[in-house]
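Asks: Can you look at this prediction? I've put the sequence above it.
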Amino acid sequence: MRLKENIIRIWAYGSGLLVIFLVFYIFGYIFWKGYNSINWEFITDVPKGMILGTEGGIAPAIIGSFLSTSIACAIAGIFGICTGIHLEFYTENKKIKAMIQTIVQCMGGVPSIVLGLFGYTMFVLHLGLGRSVISGGLTLGIMIFPVVETRIEKAFKEVDENLIKASYSMGISKAYTIVKIVIPLCRDRIISALILAFGYAVGATAPIMFCMAVINSPVSFNITKPSMSLSYHLYILLTQGISTEKAYGTAFVLMLVLLSVIILSQILLRKRK
Amino acid sequence: MLFWKKYDKIFADILKIAALVSFFMISFIIIFILKESLPLFKEIGLKEFILGRRWKPVSVSGQYLGILPIISATLYVSFTAVFITLPVGIGCSIFLSCVLPLKIRNILKPYVDILAGVPSVIYGFMGLVVLVKFFENMGMATGETVLAGGILLSIMILPFMISVCEENMGETRKRYEKISEAMGVSKWYMVSEIILPLSLKSIIISIILSLGRAMGETMAVMMVIGNAPIFPKLMGKAQTISSLIALEMGMAEVGSLHYSALFASGFILMMMIFCTNIFINYLKKKFL
């Protein structure tokens, strides 16, 4: 019996430490190797060189990524908050509620590459938006919607019910209660959900491969034009064997965004307590 | 106040519309993907498409569109990943839920969740420069193998497995900790005789959940698996459905049979993942 217990103890400690090491390793590796490729020129210049990408920087990619992800967050945020409120405060029928929740869950299960296909037919071909930042943003919005919605719904669920009941019993309308009491109470959690979704969308490559990402684009804020994106640029640099050094730099920027997103959301979530 | 009373109805309507839009989105996704893949199902037929053993979309000697090797590669990689993840995932869940005090556990859990947030293209990058290099240094002809994809995927699905198992184990521990202390048995006896057997159900659920996750993964796997549409071997190249779509979509002419075959494989992938999701819901209802 002792032997079995000891094996389990070693197993638990071993795998726990392995996982912690893995997180350290991934971040440490990228930061350690990418640190040297980062300079002011890399952040603010367009890609240059005989083979595009061997020199210069990634400014258009940074702008493209941030634009498309912001569009995605705005759309997912609006629809997420509305659907969350509708589910939590307006849907009395349990069956309908469960059905909508299942549908949202199903959307979360759609693989990102299939979303990319959908975005291509729907936004690029049928709606005639062409390959553009806006099509990419909409596709990403669909991708992060389930994540945002479930988190926001959870936040609404945890609002003290007595507050809401007190508000109703004073004869205050439902809309006023929600806008003035529920949403301010959940503000931090809603923002943190959106920030986390931002981090999720910034790294997504598959959905924007067909809708938005191109190999080269100028520095512009025009959302009807195609644009580079950080993740796609990293993919191209690696698979075409263009420049590993620049790839480390791009990965560094991506990981930096991810890290700041996680830290920000943790700060917001802890503030609540 | 009157202002708000007046707009109460409109507010409710706006919310309803938003909820309806999200409801229609999923049906749109299914309908559009299905619509684009219909020409293929008409021309070749579902059975031929799924059971066909050759994938040659553009070829002089005739077009073959069969994705059996690609489906089997998708499943093969996913199962390899789950197989590798399972021991580490369960061990780490025990570590988080039963070894650490609650305070440290609350700090470490978000830390482990970071693994789920790392973009898949970064995983692919790490896979290329670390895993594939490692396999090549070992003296293999190519480092781009199903095994490399499996190892990479296993890291990506770890957080999903851990979060399901860990939650359940934490609850079990809370329920039985006092009792087992009163009985005077050691903590590790409790882990091996009570917690592990009781969390078997949640372990099964977590396996299926991570399978679903693994099947839909695109970038990371695509970068290390070699992308050859042949039947998978552990040490050989293969191609998953998602990497097939990602790679060949740029080459396919809009409206051609090849194009519609790619949509059809996307549809099949989506159905595979829906099935696992439905299965998980069923298991959750039955078990938990």
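Replies: Happy to help now that I have it.

Asks: Spell out which residues of the stretch 51-200 of chain B are next to chain A.
Replies: The interface of the stretch 51-200 of chain B toward chain A, taken as Cβ under 8 Å from any Cβ of the partner chain, is made up of B:87-92, B:94-96, B:98-99, B:108, B:110-112, B:114-115, B:117-122, B:124-126, B:128-130, B:155, B:158, B:162, B:186, B:188-189, B:191-192, B:196. No exception for glycine: its C-beta is placed from N, CA and C like everyone else's.

Asks: Now with 6 Å, please.
Replies: Along the stretch 51-200 of chain B, the residues adjacent to chain A under the rule Cβ under 6 Å from any Cβ of the partner chain are B:88, B:91-92, B:94-95, B:99, B:112, B:114, B:117, B:119, B:121-122, B:125, B:128, B:188-189, B:191-192.

Asks: Just the buried residues out of these, in ChimeraX syntax.
Replies: This is the ChimeraX syntax for the buried subset of those, where burial follows 16 or more other Cβ atoms under 10 Å in any protein chain shown:
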select /B:88,91,92,94,95,99,112,114,117,119,121,122,125,128,188,189,191,192
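
Asks: Backbone dihedrals for the residue of the stretch 51-200 of chain B found nearest chain A, both of them.
Replies: Scanning the stretch 51-200 of chain B for the residue nearest chain A gives B:Pro119, at 2.3 Å (criterion: Cβ to the nearest Cβ). Comment: the main-chain dihedrals of B:Pro119 come out as phi -60, psi 140, following degrees, to the nearest 10.

Asks: Next one, pLDDT for it please.
Replies: According to the prediction, B:Pro119 has pLDDT 90.

Asks: which ones among the residues of the stretch 51-200 of chain B next to chain A are found in helices?
Replies: B:Val88, B:Gly91, B:Cys92, B:Ile94, B:Val112, B:Ile114, B:Gly117, B:Val121, B:Ile122, B:Phe125, B:Trp188, B:Tyr189 (DSSP state H).

Asks: Looking at the residues you listed, which two lie furthest apart in space?
Replies: The most widely separated members of these are B:Val121 and B:Tyr189, with 45.0 Å between them, by Cβ to Cβ.

Asks: Would you map the strands across chain B?
Replies: For chain B, the strands defined by DSSP state E occupy B:55-56, B:64-65.

Asks: residues contacting B:Asp162?
Replies: Careful, residue B:162 is Ile; it's not Asp. By Cβ atoms under 6 Å, 6 or more residues apart in numbering or on different chains, the residues touching B:Ile162 are B:Gly89, B:Cys92, B:Ser93, B:Val112.

Asks: run the last query once more with 7 Å
Replies: By Cβ atoms under 7 Å, 6 or more residues apart in numbering or on different chains, the contact list for B:Ile162 reads B:Gly89, B:Cys92, B:Ser93, B:Leu96, B:Val112.

Asks: Could you tell me the backbone phi and psi angles at A:Pro47?
Replies: Per degrees, to the nearest 10, the residue geometry at A:Pro47, taken as phi and psi, is phi -70, psi 140.

Asks: excluding its backbone neighbours, what's nearest residue 54?
Replies: No chain in the question, so chain A it is. With Cβ to Cβ, 6 or more residues apart in numbering or on different chains as the measure, A:Ser243 is the residue that lies nearest to A:Thr54, at 4.8 Å, once sequence neighbours are left out.

Asks: should've been chain B
Replies: Taking Cβ to Cβ, 6+ apart as the measure, B:Arg54 lies nearest to B:Tyr64, with 3.9 Å between them; neighbours along the chain are not counted.

Asks: you'd agree A:Ile30 is up against A:Val253?
Replies: No - shown here, A:Ile30 and A:Val253 do not form a contact pair, counting by Cβ atoms under 7 Å, at 9.9 Å.

Asks: quick revisit: how close does the residue of the stretch 51-200 of chain B closest to chain A get to A:Ser227?
Replies: For B:Pro119, the distance to A:Ser227 equals 18 Å [Cβ to Cβ, to the nearest Å].
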